[in-house]
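[1] sequence first, then the predicted structure, then my questions.
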Amino acid sequence: MLENILEKIETLPPLPQTILEIETFRKQNNQEADELVKIVEKDPLCVATLLKISNSSFFGFNSKIETVKRVINLLGINFTIYVAIKEAIDSVLKIDLYPYGIKCEDFTKITHISLRFLDLWITKKDREFKDEVLLACLLHETGKFLLSETVVNRGLLDEFKQRIDSGEEVSKVEKELLEVTTHKVTAEIFRYWNFNNNLIEIIEFVDDINSCSEKNREKCQILDIVRTLFDMKNFLSEENKQKALQKAKKYNFDIEYLNYAIQSIKN
């Protein structure tokens with residue numbers, strides 16, 4: 001099954017040039033907002049997407065946002081970068097998530113909320129650490145788009161959806177029916193697109209943290225807690241909160257900071 005999915009990945013189109021330039025900009029030590037504005041404005045679709053998201057009810061700004069520069073001023077350089085990369089990838093894949101029982105717009109909303117939560121939780125980490133974990137948080141579910149298509153093409157839709165809707169753990173259902181998980185597929189997609197190796201490892205081993213390198217293990221553990229809290233079917237439920245807190249204790253994280261971030265995002 002993995003070989004078939006790898007073949008599918010190799011047929012994916014390259015990422016837009018704008019995103020490659022944004023990724024280069026993201027890695028720079030000195031980031032100027034005006035430079036990012038120039039990069040984004042080369043791509044009308046990217047501009048339209050950022051304006052649409054900025055003017056959505058999710059942010060609730062009092063006045064209409066009409067320029068990329070204002071988007072960056074209000075949301076910040078990093079959040080603008082993350083959203084631009086995420087939306088570009090979604091536009092390349094363009095597949096619905098019906099087998100997982102969630103609409104694409106809800107998927108995007110939950111992803112953005114999880115990003116806000118994570119930014120609150122790890123606020124004291126240095127920029128490089130935060131950047132890698134935040135980007136992993138934003139992109140780690142990308143593989144679901146290809147797996148959704150695989151479920152349909154393999155005639156597994158009814159069984160797959162029934163098991164997901166009944167509350168079975170998603171990665172368990174994926175392994176048993178598809179022989180591969182979302183995170184493995186996501187890692188392979190980003191390997192194909194030549195993304196940063198650290199990002200790939202953080203995502204790839206979230207289902208098998210002991211296999212992650214010591215260098216990236218803490219980041220992988222953080223992503224594990226985020227994906228537990230923001231399970232697409234029952235995000236921020238009390239059950240998921242308790243599961244996340246148990247994992248945090250296991251990983252020796254500060255529970256107080258985690259609880260604060262959870263409560264803040266709920267409010």
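    Done, it's in. Since the model is a prediction, treat every value here as computed from it, not as a measurement.
[2] element containing the spatially closest residue to Gly143 that is not a sequence neighbour?
    Excluding its sequence neighbours, the residue lying closest to Gly143 (C-beta to C-beta, 6 or more residues apart in numbering) is Val185, at 3.1 Å. Quick note: C-beta positions are derived from backbone N, CA and C, even for glycine. Using DSSP states H and E, Val185 sits within helix 182-192.
[3] got the buried residues for that helix?
    Thr182, His183, Lys184, Val185, Thr186, Ala187, Glu188, Ile189, Phe190 (16 or more other C-beta atoms under 10 Å).
[4] for those, give me TSV that also has distance to Glu218 and pLDDT.
    Listed next are these as TSV, based on distance: C-beta to C-beta, whole Å; pLDDT from 0 to 100:
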residue	distance to Glu218	pLDDT
Thr182	21	94
His183	17	95
Lys184	21	94
Val185	24	94
Thr186	19	94
Ala187	18	95
Glu188	23	94
Ile189	24	92
Phe190	20	91
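[5] export those to CSV and tack on distance to Gln263?
    What follows is the buried residues of helix 182-192, written out as CSV (distance: C-beta to C-beta, whole Å):
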residue, distance to Gln263
Thr182, 28
His183, 28
Lys184, 33
Val185, 33
Thr186, 29
Ala187, 32
Glu188, 36
Ile189, 34
Phe190, 32
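[6] which of those residues sit farthest apart?
    Thr182 and Phe190 (12.6 Å; C-beta to C-beta).
[7] pLDDT of stretch 97-116, averaged?
    Here stretch 97-116 scores 85 as its mean pLDDT.
[8] got the buried residues for that stretch?
    Leu97, Pro99, Tyr100, Ile102, Phe107, Thr108, Ile110, Thr111, His112, Ile113, Ser114, Leu115.
[9] cool, and stretch 85-96?
    Of the residues in stretch 85-96, those buried (16+ other C-beta under 10 Å) are Ile85, Lys86, Glu87, Ala88, Ile89, Asp90, Val92, Leu93.
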